[in-house]
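Asker: Next input, structure requested:
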Amino acid sequence: MAQSQSSTETDWVSRFADDVIAESERRAPGKPVVVASGLSPSGPIHLGNLREVMTPHLVADEIRRRGHTVRHLISWDDYDRYRKVPNGVPGSTSPGRSTSASR
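Answerer: Here you go, the predicted structure:
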């Protein structure tokens, strides 16, 4: 059975939420807190892709739980360079080139 945390310890989600709230209040007092994450079609899908969305999602949930208005923006872009041509992309596109450049 897991031991409970001491009262002086906090989990990483709570620490990130503290930092994000403080920075949001510094930058835009009285406005909704914004967290963002983004994905790209670069390379094969892997667990890091899930982490890129889940980390901000969990932090946004904690901020919302504390009573703040929060927006989690999720973007998908095809501007970064990729190492492997994704399935379904025409053969005229080559690795090391943005998918946007092939349109």
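
Asker: Tell me which helix or strand the nearest residue to Asp18 once chain neighbours are set aside sits in.
Answerer: In space, and not counting its chain neighbours, Asp18 is closest to Thr10: 7.8 Å by C-beta to C-beta, 6 or more residues apart in numbering. C-beta coordinates here come from the backbone N, C-alpha and C atoms, glycine included. Using DSSP states H and E, Thr10 is not contained in any helix or strand.

Asker: Check the gap between Thr10 and Gly48 for me.
Answerer: Here Thr10 is placed at a distance of 25 Å from Gly48 (C-beta to C-beta, to the nearest Å).

Asker: neighbour-wise, which of these two wins?
Answerer: Thr10 (13 against 9; other C-beta atoms under 10 Å).

Asker: So the more buried one versus Val34, what's the distance?
Answerer: Thr10 sits 22 Å away from Val34 when distances are taken as C-beta to C-beta.

Asker: With Arg65 instead?
Answerer: Arg65 sits 17 Å away from Val34, taking C-beta to C-beta as the criterion.

Asker: what do you get for Glu52?
Answerer: Summarising the geometry, the distance separating Glu52 from Val34, computed by C-beta to C-beta, is 16 Å.

Asker: what pLDDT does Asn49 get?
Answerer: Per-residue confidence at Asn49 stands at 82 (pLDDT).

Asker: hang on, I meant Asp77
Answerer: Per-residue confidence (pLDDT) for Asp77: 74.

Asker: ok, now which ones touch it?
Answerer: By C-beta atoms under 8 Å, 6 or more residues apart in numbering, the contact set of Asp77 is 38-40.

Asker: So it versus Ala60, what's the distance?
Answerer: Shown here: Asp77 relative to Ala60, a distance of 20 Å by C-beta to C-beta.

Asker: which secondary structure elements does whichever helix or strand Ile74 is part of contact?
Answerer: Taking DSSP H and E as the criterion, Ile74 maps to strand 70-76. Of the remaining helices and strands, those touching strand 70-76 by 3 or more C-beta pairs under 8 Å, 6 or more residues apart in numbering; DSSP states H and E are strand 33-39, helix 47-65.
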